[in-house]
Structures are given as C-alpha cells and as structure tokens.
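Chemist: let's see this in three dimensions:
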Amino acid sequence: MTDRTRPAPAAPAPFPGLAGGPPDAADLAGPDRTRTDLTYTKDLKEALTKDRDARFVWLCNFEVERRWARSYTGLPAVRGSATTATVQRMEELGALLAEPGDHLLLDRPLDEGYRRYADALGLGTPTGLVTPEPAGDAGTAEAVSRSPELLDRLRELARQGAWLMPMGVSDQEEHLARLTGLRLAAPPAAVHERVNSKIYSRRVTEELGLRTIPGHCCETVGELHRALDERFRDDSGPVVVKDAFGVSGRGLVVLDSRRKADRLLRMVDRRAASSGDDRLHVVVEAFLPKRADLNHQLTIDREGRVRQDFVKQAITAGGVHLGHVSPAGLDAGQRDELAETAEALGGRLYEDGFTGIVGVDALLGADGLVYPVLEINARLNMSSYQGRVTELFGPGQGITLARHHTLRPAAPVAFEEVTEALGPLLDPPLGRDGLVITCFGTVNAQAPASPGTPFEGRLYTMQFAADRAGLDALDRRVTEALSRFDTTGRTS
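Modeler: Alright, predicted model coming up:
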C-alpha cells in the first residue's frame, strides 16, 4: 500500500503568535493542546446518529450537485465557476470540522505546516486517508472506490462502528458505503436529489405559505415560454432564470430585456428541436431590489426536532458566493420570521425523509421584507465547516467575516510564507482582532507544472473583530499583507 495517510505527529513548529499557545492554554488538553470542550461537531453527530462520540469518516464532496443534476436539463449555456482543481482542494475544509478521532478522505495530504498550525490553535485534526492517486474530475469517492488499500482500511473502520459522513450523498457515496460497510450518517441519494432541487425549494415555500419571490417553476420548454411571456408582457422588470441544480453562479442568467429573453428562448428551442426532448428544469423569478443576501442554517435530528443554528449575511457577486458576515444585522421581527421558517421548513423536510444540516439562502428586500427561502441546500455548506472555528473564537458580541482572498503568485506558495506575511495578524483571536486560516490547499491548486506563469489561488480565512469598523480595518490589513503574493498588480 502506498501510505498517504496521516504520518506520526511532528513536533509543533512555531508560528507567529502561537509559540506560547493560545491565551487560554490552560483549557487545552494533551500534548497537542486540542480543546476538548467544543460541542459543535458533537451536537451534529448526536443529531445524525444519536451518539455524540460517534467516529466519522468525512468526505467533503463539494461538487455533489453535478451528480444530482445528471438527469435534469438546465440552461443551454452556463457560466463557469472555480476550476475542478480548486473545488477539489476545498475538501481540506473538513479538517477543521472533523474531530481528532475522526478520519478525513482526501485526494492530497494536508500540508504539514497547515496541520501543525491547526493543532496549535487547539482545534486538532483528523487522520487523513489519502487516495493513492489524485482524484481529478472523478472525485474523491470514486478514487477511494478504486483503491483496494483504502477500501480495506475503511472496512476495518466500519467493523469498529464508524460512519461515512459526506457533504451530500449521491450514488457514488452510496456505492462507497456498500463497498466498505460504513453506515451513512446522512439520508440516501434519492432524498438528497429531490430536496436539493430549486424547483422543490420553490414549491415547498409556496405550500408552507412563506413569503415567496414572484416567479414560476418550469419543467418544459413551453412552460419557460409562458413564464417569460408573462413577466415581460407585464413589464415586471428583470428576471433571473436558474437551473434546478445550478450552484455558485453556474446555471444562472439575468434577463433585463425582452430581447435577451427571446435570445435565450431561441437557444432552448433549437436544443429541444435537435434532441427531440422538450424537458427543462429551471425556475424563473423576479429580480428584486435587495438590502442583503442572507444564509441561515438549521439541523434536523433523527427524531424530527429542528434547531436553527445561525443567520448570516451572505456576500455574493453575480450569484457567486464569496463569504459571510455574522451577525446579519437583522431586527427582532426579521429574526423571528427566519426562526419560524426554520421550524416549518425543517418539519417538511423531515416528512420527506431528510435529516441533517440544511443551508437556506434567503433575501432581505430593499423594503425590509424577508424572503426566507430562495433555495434549499440540504447538505453541509461553507458555514457548516466553520462551526468549530466559530465556536472557539467567535462567541460574544463581536463580528465575524468568512471569505476567500485571491492570490496571483508566479510560483507555488509555502504555508510558512503565508504565516510570515500575515505575522501578528495570525495571533489567536481570543479577546482580540485577528484571523484563522480555514483552507490552505486551494492556494496552489491551479499552479502550473513550470513556475513563472502567474496563476490564481484562494486562501480561505475567518476574521474576528469587536465591531464592523475593526473588521473592515482588519480586512484591509490582511489584504495588504497578502498582496506580496500578487504578481499581476491587482488586489484580492
């Protein structure tokens, strides 16, 4: 077996601000100073398995929507998103959600510098189970399924009672569970596929009597014609057309004129005529003036109990998620409306067979009205992976920003170079402003084989400050510190 699993822990290397441990080092347990009092992941395990001490094998399959979308026809042309390599390396986010006794499936090992950094913070890291070869477009689940060595390791974990916990379940994850005997901690693929469709989201929102953005569900080309004819006949303003399984800006188009609507319809008509199939799975919605995009998360346990986890303000551009700010700055009435939505929506999802984490995109209109469900993401999401970091560093009355920073270096960047650039900004943000690096593997994901050609990388962080002014100042300092890795003269 090519052993790409977690090596024996190395002696912690010093990092700026961490040489003496976090300020509350007395609360840290063991030689790696791992915090033992964090409850976010334990609460999730209890909701999913009724066992707070369950051992999970985590699989952060960020592109699971591609599997769900295979049987559904979307828009003829879609916008691109992050490259496959970058999305694949985002699986590293699972290292901070998993507990030290868990395992994490990866297609590349965690950077050892980053692992020591996470351990020094007190978060601890799981055992990495790494595929013998990079997964590529097939995804980590498929790569694991082709590795006899990893399958044997997972079968042993299954005999010990471990659970498989994917970000979302498709046929690939079900196949992996069957091959290994690992129990799935999440509902089956058919349930995931059904409840993650934007058509499902819209219909359930209407059935529950929740405030809904004016619009239509379209499952044929003719229904799209009628929906757009109605919107533009009434001169109702711009509309958004979204694939039922689009994500992060893919499968989304804004139509602000009848001319653009007709152009899209001609493309759809030509494809239907060529294929002899007029099926189409999209939603059409009014493009409303907004004050903010929102994201709220709820958890449904195996008994059907619903807990609202948080409400955040989402940072988006062109439908692409860029980050979150918390708290969301809502008034009491708006918060109550989202809490009531969580209870109603969680109950309906439970009736349809779903348990686990649900991320819900919402909108705060320019008039202050909350549209509590734009789409349901019944799976783990970016905020889910930040749960233990938030619990450790974010309690109190402060403000938190989760975002990614775009780096454009001309050669791969070492983790130690990043820590050197950030310097004291990386001091543990306990009782002070500062940041935590939540994903480093995406920095070099698109690095070319030969150095010298600039490429785009992402560094994911969470920033903590006492107030918005302090957060803005901190973000400017972080951006300036990371500018040394930009060879193009642009800023992130």
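
Chemist: which element, helix or strand, includes G101?
Modeler: For G101, there is no enclosing helix or strand under DSSP states H and E.

Chemist: close enough to count as contact, it and R55?
Modeler: Yes: G101 lies in contact with R55 (C-beta atoms under 8 Å); the separation is 5.9 Å. (Each C-beta comes from the backbone N, C-alpha and C, glycine too.)

Chemist: ok, those two, which is more surrounded?
Modeler: Applying other C-beta atoms under 10 Å to G101 and R55 shows that R55 carries more neighbours, namely 19 against 13.

Chemist: what's the closest non-adjacent residue to that one?
Modeler: Excluding the flanking residues, the one nearest R55 by C-beta to C-beta, 6 or more residues apart in numbering is A162, at 4.4 Å.

Chemist: check contacts around that neighbour.
Modeler: With contact set as C-beta atoms under 8 Å, 6 or more residues apart in numbering, A162 has these partners: A54, R55, F56, V57, H103, L182.

Chemist: show me what the stretch of helix or strand the fourth one belongs to is packed against.
Modeler: Remark: V57 resides in strand 56-59, with elements defined by DSSP H and E. With contacts taken as 3 or more C-beta pairs under 8 Å, 6 or more residues apart in numbering; DSSP states H and E, strand 56-59 sits against helix 94-97, strand 103-106, strand 163-166.

Chemist: which one of the ones you listed lies closest to A332?
Modeler: Of all the helices and strands packed on strand 56-59, helix 94-97 sits nearest to A332, with 30.6 Å by C-beta to C-beta.

Chemist: can I get that closest one as CSV, trimmed to CA atoms?
Modeler: Provided in CSV are the C-alpha atoms of helix 94-97 (Å, rounded to 0.1, in the frame of the first residue of the first chain):
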residue,chain,number,x,y,z
GLY,A,94,-13.3,19.2,6.6
ALA,A,95,-10.1,19.1,8.6
LEU,A,96,-11.5,21.8,11.0
LEU,A,97,-15.0,20.4,11.3
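
Chemist: circling back: as TSV, the contacts of A162 with distance to E173 and pLDDT would be great.
Modeler: Converted to TSV, these look like this (distance: C-beta to C-beta, whole Å; pLDDT from 0 to 100):
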residue	distance to E173	pLDDT
A54	17	98
R55	17	98
F56	13	98
V57	11	98
H103	15	98
L182	10	98
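
Chemist: what does stretch 251-260 rub up against?
Modeler: Contacts for stretch 251-260 (C-beta under 8 Å, 6+ apart): 74-75, 78-79, 228, 232, 237-243, 245-246, 261, 264, 287, 319.

Chemist: determine how far the last residue of that stretch lies from the first.
Modeler: This stretch, stretch 251-260, spans 16 Å end to end (C-alpha to C-alpha, to the nearest Å).

Chemist: next one: stretch 159-173
Modeler: 18 Å.

Chemist: buried residues in it, which are they?
Modeler: The neighbour-count check on stretch 159-173 (16 or more other C-beta atoms under 10 Å) flags A162, W163, L164, M165, P166, M167, G168, V169, S170, Q172, E173 as buried.

Chemist: who's in contact with F232?
Modeler: By C-beta under 8 Å, 6+ apart, F232 lies in contact with R258, A261.

Chemist: quick one, phi/psi of it?
Modeler: Dihedral angles of F232 (phi, psi; degrees, to the nearest 10) stand at phi -90, psi -20.

Chemist: ok, now how distant is the residue nearest to R55 from L129?
Modeler: Remark: distance between A162 and L129 (C-beta to C-beta, to the nearest Å) = 11 Å.

Chemist: what touches both of the two?
Modeler: Counting by C-beta under 8 Å, 6+ apart, the contacts common to A162 and L129 are V57, H103.

Chemist: output the below-cut-off pLDDT ranges for the stretch 151-300 of the chain.
Modeler: 248-249 (pLDDT under 70).

Chemist: and which of the contacts of A162 is nearest to I437?
Modeler: For the contacts of A162, the minimum distance to I437 (C-beta to C-beta) is 21.9 Å, reached by H103.

Chemist: contact partners for that closest one?
Modeler: Contact partners of H103, counting by C-beta under 8 Å, 6+ apart, are R55, F56, V57, W58, P126, T127, G128, L129, L157, A162.

Chemist: export the residues you listed as TSV, with columns for distance to R279.
Modeler: Below are the contacts of H103 laid out as TSV (distance: C-beta to C-beta, whole Å):
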residue	distance to R279
R55	43
F56	38
V57	37
W58	35
P126	42
T127	45
G128	42
L129	40
L157	41
A162	40
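
Chemist: neighbours of the nearest residue to A286 once chain neighbours are set aside, how many?
Modeler: Computed as C-beta to C-beta, 6+ apart, the closest residue to A286 that is not its neighbour in sequence is P214, at 4.5 Å. Around P214 there are 14 other residues, counting by other C-beta under 10 Å.

Chemist: what about P214, distance to R231?
Modeler: The value you get for P214 to R231, if C-beta to C-beta is used, is 8 Å.

Chemist: what is in contact with these two at once?
Modeler: What both P214 and R231 touch, as defined by C-beta under 8 Å, 6+ apart, is the set A286.

Chemist: follow-up on the earlier one: which of the contacts of H103 count as buried?
Modeler: The neighbour count (16+ other C-beta under 10 Å) marks R55, F56, V57, W58, P126, G128, L129, L157, A162 as buried among the contacts of H103.
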